[in-house]
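Colleague: can you look at this prediction? I've put the sequence above it.
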Amino acid sequence: MNLTKILAGLLVVLAIALAIMAWIMGRQPQRAVAPAPSSINAIDTNISAEASKPRPAPMHDVVVTAKPVAAGQKLTAEDLKLVSKTAAVADGVLSAEAAVGRTTLTALAADAPLLEQQLISGLSLQIEPGQRALSIAVKEPMAAGNHVRPGDFVDVYFTLDSKSNAADDKLNVDTQTRLLLARSRVLAYGASNVEVPPPTAAQRLKAQQEEEAGNKGQRRNTGNDQRSQQSANTAVLAVPLDDVERLTLAEKYGQLTLALRHPDDLSVPEAALFATLPTALLPVAGRLAKGETLKGADRSFAGLRFKDLATGAAARNTSQSSAPAAPRNQLQAPRQQTVQVHQGAAMQTLSY
């Protein structure tokens, strides 16, 4: 009886121990089953194959010439095309639309990338057709006290002194001041131009504040800008082609004065009210139609004499000339007068 109780107790203890072990084993995570060596080799092979495949390079749109383009040619849409390249072109034109209408600086081969430095830029693009950029010497008293800025409009006055160099030509020239050019646009004044204008008031104030804060580099740059503006000794004006020789002669023999004017003031002299100055060279007789005059480049090629600019000589007829008129002081043959004298039946004719 006692033995039976002892066995029953042992079985109960064993059952409890087995239950505890089962509970503990149930809480532990299952260990991953190691793959077979053949599976590992297959996975490594696939990874190596994917890594060895070449990746596609990124493509860039590049503007190139569709055909050979000569230097000095204005680009059209037919001259350009867009291609894809694996490498971007440094300083290349961003789009074909931005290049259409611009002029080439050098000759370009077909399929050549179009670069910014291959296109004309600068003051030449600020000149309207029929104009020329002409530089003149300026001084503070004759240039609105150095208050002229690039982009302003000025009137150019010409002052001629009778004691100036004109006396060397033995011309009887009175002291005079005339409006030579009206509403000429200033393309450059000193070191500043319409593409690189001088600093604004806000920029100068900011530079002054940085100078006070101890920015020595900015102080030097600001000082250079101010000195270059104050020491300006040249101005570049946009001048009509027909007036280039007038301005050149006036600067050589007289004194020029720049009068600053409001940009909204569009008034200019009426040239038709005054006689056209004669040219230094005359065209071949018969080449011009009756009443036709030289214009544009032909007029500039014919030139202008200083004496005509100074005295305002009347325009000469440039058509085919007729026979020269006799001088006023040429002596003419005296006209004979006759008288008849009657003495009775006799009559006598006398000349005197």
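Modeller: On my side now, so go ahead.

Colleague: export stretch 297-309 as CSV, just CAs?
Modeller: Only the C-alpha atoms of stretch 297-309 are listed here, as CSV (Å, rounded to 0.1, in the frame of the first residue of the first chain):
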residue,chain,number,x,y,z
ALA,A,297,26.9,103.8,-96.0
ASP,A,298,27.3,105.6,-99.3
ARG,A,299,26.8,109.0,-97.5
SER,A,300,29.4,108.1,-94.9
PHE,A,301,31.9,106.8,-97.5
ALA,A,302,31.6,110.2,-99.3
GLY,A,303,32.7,111.9,-96.1
LEU,A,304,32.4,115.5,-94.9
ARG,A,305,34.7,118.5,-94.9
PHE,A,306,35.2,120.5,-91.7
LYS,A,307,34.6,123.8,-93.4
ASP,A,308,31.1,122.6,-94.5
LEU,A,309,30.4,121.5,-90.9
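
Colleague: what's in contact with that stretch?
Modeller: 166, 169, 171, 173, 241-242, 244-246, 249-250, 252-253, 277-283, 293-294, 313 (C-beta atoms under 8 Å, 6 or more residues apart in numbering). Any C-beta I mention is one placed from the backbone N, CA and C, and that applies to glycine too.

Colleague: could I have the PyMOL command that selects the buried members from these?
Modeller: Buried subset of the contacts of stretch 297-309, written as a PyMOL selection, criterion 16 or more other C-beta atoms under 10 Å:
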select buried, resi 166+173+242+245+246+249+250+253+277+278+279+283+294
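
Colleague: isn't there a strand covering Val83?
Modeller: Yes - under DSSP: H, G, I helix; E, B strand; the rest coil, Val83 falls within a strand.

Colleague: ok, it touching Val64?
Modeller: Yes - in terms of C-beta atoms under 8 Å, Val83 counts as a neighbour of Val64; the distance is 5.5 Å.

Colleague: shared neighbours of those two, which are they?
Modeller: Asp111.

Colleague: counting neighbours, go ahead and name the busier of those two.
Modeller: Ranked by neighbour count (other C-beta atoms under 10 Å), Val83 and Val64 place Val64 first, with 20 against 13.

Colleague: just how off-centre is the helix or strand harbouring the more buried one within its chain?
Modeller: Assignment of secondary structure by DSSP states H and E places Val64 within strand 60-65. Offset of strand 60-65 from its chain centre (C-alpha atoms, centre = their mean, to the nearest Å): 25 Å.

Colleague: helices along the stretch 151-300 of the chain, start to end?
Modeller: 201-212, 216-230, 244-253, 296-302 (DSSP state H, counting those that start in this stretch).

Colleague: which one of those helices has the poorest average confidence?
Modeller: Ranked by mean pLDDT, the helices of the stretch 151-300 of the chain bottom out at helix 216-230, with a mean of 49.

Colleague: below-threshold pLDDT in the stretch 251-352 of the chain: ranges please.
Modeller: 313-352 (pLDDT under 70).

Colleague: so Gly145 belongs to a helix, correct?
Modeller: Yes - counting by three-state DSSP, Gly145 is located in a helix.

Colleague: distance check, it against Pro263.
Modeller: According to C-beta to C-beta, to the nearest Å, Gly145 stands 19 Å off from Pro263.

Colleague: could you do Gly291 as well?
Modeller: On the measure of C-beta to C-beta, Gly291 and Pro263 end up 37 Å apart.

Colleague: those two: which is more packed in?
Modeller: Pro263 (10 against 7).

Colleague: any idea how far the more buried one is from Asp152?
Modeller: The gap separating Pro263 from Asp152 is 7 Å, by C-beta to C-beta.

Colleague: show me which residues of the strand holding Val64 are buried.
Modeller: Buried residues in strand 60-65 (16+ other C-beta under 10 Å): Val62, Val63, Val64, Thr65.
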